[in-house]
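**Student:** below is the sequence, then the predicted model.
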Amino acid sequence: MDTAEDTAVAPPVTDDPAHEVLRRVFGYDSFRGAQREIVDQVIGGGDALVLMPTGGGKSLCYQIPALVRDGTGVVISPLIALMQDQVDALSALGVRAGFLNSTQFPDERRAVEAQYAAGELDLLYLAPERLRMESTIQLLGRGRIALFAIDEAHCVSQWGHDFRPDYLALSVLHEQWPDVPRIALTATATAKTRDEIITRLDLAGARRFVASFDRPNIQYRIEPKNRPDRQLLDFLRAEHPGDAGIVYCLSRNSVEKTAAFLTENGIRALPYHAGLDHRTRAENQARFLREDGLVIVATIAFGMGIDKPDVRFVAHLDLPKSVEGYYQETGRAGRDGLPSTAWMVYGLQDVVQQRRLIDSSEGDAAHRRQLQLHLDAMLALCETVDCRRTQLLAYFGQSAQPCGNCDTCLSPPESWDGTVAAQKLLSAVLRLKRERGQSFGAGHLIDILLGKKNQKVQQYDHHELSVFGVGTDLRDSEWRGVVRQLLAQGLLTVHGDYGVLTLTEASESVLFDGRTVRLRREPERPTPSRAARSAKSAKAAAVELTEADTSLFERLRQWRADTAKEQGVPAYVVFHDATLREIAARKPGDLAALGAVSGVGESKLARYGEQVLEVVAAQ
């Protein structure tokens, strides 16, 4: 870590110190959205709860007040594996930053503690579990605290998708330091979760800032699952060749298999899950952050707070457990604001599997009901015939018009009257139970409806049932869609380890009371070549680089890669892609012109300016 004398940020000397720090340190001319209000609230000593989407600039909301106010900004973050990268990124900007967590050697911790106590740090990152230690409380009491920032504040919600017990102890901050402003930040929280954050963190007097949850640069797409590994490969080859991205799988086994499959087919991919040893996980995460064009295949153990701006896609090969989890995970794409894709495949087995996990989960009936509500909302997002973005935003209490940039907008699905199909399927379930005392899974029921005289059907004499062969008007894949959607609508449910289908109370309204059932018919999807052309044209429209500009941009990326490797930091710590694109388009000829580019602050201008100008001049 650089010394305080090398990197200290001099106090601003204007009537608007916050804007001065924004421009001089971070290289931006203006605040975005509610950033200005939030910064002023905290600088003035007030508390704040901030909900802002990933990539919306949450970190500036506490970093700038920490630089303006006297003392050290203390940041509570669960992202132990990423603290070094966060500190490196701030050090590159000339900010005095340090961290304390369990990965450090004792002498490293003592050095940071001494810097804090001496007032030589602008920002100090702490893992939440350290605040359970009396030694940490005593250390904080030895210095002057500018503010407390509680990052990933949704982790305090016991009903949430990412609960961390250590967050429950963070109310101690207000008890010990009642006059120090606190800012709690998250990208994912429903109104219920927001209330829980306020209560558990003792933030009753905090101003709430809720930005739009919309990420317009992300294209949301959900497709029927059919050989997901091959679907993923086709998607990557057609739309994201050479791009960095994250692929989420539910199990460790599927993570390993998918990473191996991609590698065998020429795509650089690494696995990440809790079953790997710590060293391998840390190495794979570091490579993903530092190398361009790498794909990480992971369970949800990976990703919270990943500050890699150029993740061009997030893919799900299994159904997420909740809309919050899905939003949090897909939000890791396109932090730089450039076009990105949230792509998922989803099928009947996903629904069966998630229902089974809920039935076998630990916890009381109320907990299982909450899990069921999460799943129901996720299924509604998958099965909607309306704009996916409006459905996603509605879940978080925000309204929007159809976006024109999701699969249901680009290829609108039809809805059809599936009442008769639903009655046939539900009747098959009912007759098996009443007449034979039997229950079966979806595959066998569909075989009965299609009139297949296979070994299992004949073994149980199910070809003698009155419903045998009554469903030949639909194909096997269409029947699986019917089952999936009836499960999603609560007209069927799943029980037991074998995934047998049983009726619900609502089933009777379809069978006997004339209830209409509307179902979604999947539209024909664009071919890979059409999708690829669409993705490329979207990128071109956003970037607007000429052929010569693109050549310069690639040379700047190569310079950045070499520089980052030499310094042992992720490439984005040097400059973001968006900054390099602007440099390539503007072609600045001197330091003054380069300093006017967004994302080029004083420290980076001094450190890299001459090198960048040499690359530009060498074209």
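**Tutor:** Great, that's in hand.

**Student:** residue 426 and residue 493 touch, don't they?
**Tutor:** No - with contact defined as C-beta atoms under 8 Å, residue 426 does not count as touching residue 493 (11.7 Å). Heads up, the C-betas are built off the backbone N, CA and C, glycines and all.

**Student:** what about those two, which has more around it?
**Tutor:** Neighbours per residue (other C-beta atoms under 10 Å) separate residue 426 from residue 493, with residue 426 holding more: 23 against 18.

**Student:** now do the buried residues in the host helix or strand of the more buried one.
**Tutor:** Following DSSP states H and E, the helix or strand that holds residue 426 is helix 419-431. Going by neighbour count (16 or more other C-beta atoms under 10 Å), the buried part of helix 419-431 is 421, 422, 423, 424, 425, 426, 427, 428, 429, 430, 431.

**Student:** tell me the pLDDT of the residue of the chain positioned farthest from its centre.
**Tutor:** Distance from the C-alpha centroid of the chain, by C-alpha atoms, centre = their mean, peaks at residue 464 (50.6 Å). pLDDT, residue 464: 91.

**Student:** what's near enough to touch it?
**Tutor:** Contact criterion C-beta atoms under 8 Å, 6 or more residues apart in numbering gives no residues in contact with residue 464.

**Student:** any chance of the buried residues of helix 419-431 in TSV, plus distance to residue 265 and pLDDT?
**Tutor:** Output for the buried residues of helix 419-431, formatted as TSV (distance: C-beta to C-beta, whole Å; pLDDT from 0 to 100):
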residue	distance to residue 265	pLDDT
421	38	95
422	40	95
423	44	96
424	41	95
425	38	96
426	42	96
427	45	95
428	41	94
429	41	94
430	46	95
431	46	93
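
**Student:** and residue 124, bridged to which residues?
**Tutor:** Here residue 124 shows beta-bridge partners residue 74, residue 98, assigned using DSSP bridges.

**Student:** could you tell me how far it is located from residue 437?
**Tutor:** 66 Å (C-beta to C-beta, to the nearest Å).

**Student:** and what of residue 234?
**Tutor:** 45 Å.

**Student:** okay, those two: which has more neighbours?
**Tutor:** Neighbour count, other C-beta under 10 Å: between residue 234 and residue 437, residue 234 has more, with 15 against 7.

**Student:** quick one: secondary structure of that one?
**Tutor:** Classification of residue 234 by DSSP: H, G, I helix; E, B strand; the rest coil places it in helix.

**Student:** how far away is it from residue 65?
**Tutor:** Residue 234 is 47 Å from residue 65, by C-beta to C-beta.

**Student:** for the helix or strand containing residue 380, list the C-alpha coordinates in CSV.
**Tutor:** Following DSSP H and E, one finds residue 380 within helix 365-383. Taking C-alpha atoms only, helix 365-383 is exported to CSV below (Å, rounded to 0.1, in the frame of the first residue of the first chain):
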residue,chain,number,x,y,z
ALA,A,365,-44.1,-23.2,8.2
ALA,A,366,-43.9,-19.4,8.0
HIS,A,367,-40.4,-19.7,6.6
ARG,A,368,-41.5,-22.2,3.9
ARG,A,369,-44.4,-19.9,3.0
GLN,A,370,-42.0,-17.0,2.5
LEU,A,371,-39.8,-19.2,0.2
GLN,A,372,-42.9,-20.2,-1.7
LEU,A,373,-43.9,-16.5,-2.2
HIS,A,374,-40.3,-15.8,-3.5
LEU,A,375,-40.6,-18.7,-6.0
ASP,A,376,-44.1,-17.7,-7.1
ALA,A,377,-42.9,-14.3,-8.0
MET,A,378,-39.9,-15.8,-9.9
LEU,A,379,-42.2,-18.1,-11.8
ALA,A,380,-44.5,-15.2,-12.7
LEU,A,381,-41.6,-13.3,-14.2
CYS,A,382,-40.7,-16.4,-16.2
GLU,A,383,-44.2,-17.0,-17.5
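
**Student:** how about that helix: buried residues?
**Tutor:** So for helix 365-383, counting by 16+ other C-beta under 10 Å, buried means 370, 371, 372, 374, 375, 377, 378, 379, 381, 382, 383.

**Student:** can you list contacts of that helix?
**Tutor:** 159, 161, 222, 319-324, 326, 344, 346, 351, 354-355, 358-359, 361, 388, 391-392, 395, 484-485, 487-488, 490, 520.

**Student:** hmm, back to that, what's the closest of the buried residues of helix 419-431 to residue 618?
**Tutor:** Relative to residue 618, the closest of the buried residues of helix 419-431 is residue 421; by C-beta to C-beta it sits at 66.0 Å.

**Student:** now the closest one. Nearest residue, chain neighbours left out?
**Tutor:** residue 482 (5.2 Å; C-beta to C-beta, 6 or more residues apart in numbering).

**Student:** contact partners for that neighbour?
**Tutor:** 418, 421, 422, 425, 474, 519.

**Student:** of those residues, closest to residue 336?
**Tutor:** residue 519 (38.9 Å).

**Student:** quick one: residue 173 and residue 149 touch, right?
**Tutor:** No - Residue 173 is beyond contact range of residue 149, at 10.4 Å (criterion: C-beta under 8 Å).

**Student:** mind listing the strands for the stretch 1-150 of the chain?
**Tutor:** In the stretch 1-150 of the chain, the strands defined using DSSP state E, counting those that start in this stretch lie at 48-51, 72-76, 97-100, 123-126, 145-150.

**Student:** which other residues reach the third one?
**Tutor:** With C-beta under 8 Å, 6+ apart as the test, strand 97-100 has contacts from 1, 83-84, 86-87, 90-91, 109, 112-113, 115-116, 121-127, 130, 136.

**Student:** got the confidence number for the closest residue to residue 428 other than its chain neighbours?
**Tutor:** Leaving aside its chain neighbours, residue 428 sits nearest to residue 467 (4.5 Å; criterion: C-beta to C-beta, 6+ apart). pLDDT for residue 467: 93.

**Student:** enumerate every residue touching residue 467.
**Tutor:** Contact partners of residue 467, counting by C-beta under 8 Å, 6+ apart, are 424, 427, 428, 431, 448, 449.

**Student:** so where's the stretch 1-150 of the chain uncertain?
**Tutor:** For the stretch 1-150 of the chain, the stretches flagged by pLDDT under 70 are 1-14, 81.

**Student:** centre of the chain to the helix or strand residue 312 falls within, how far?
**Tutor:** Applying DSSP H and E as the criterion places residue 312 in strand 311-316. What separates the centre of strand 311-316 from the centre of its chain is 9 Å, taken as C-alpha atoms, centre = their mean, to the nearest Å.
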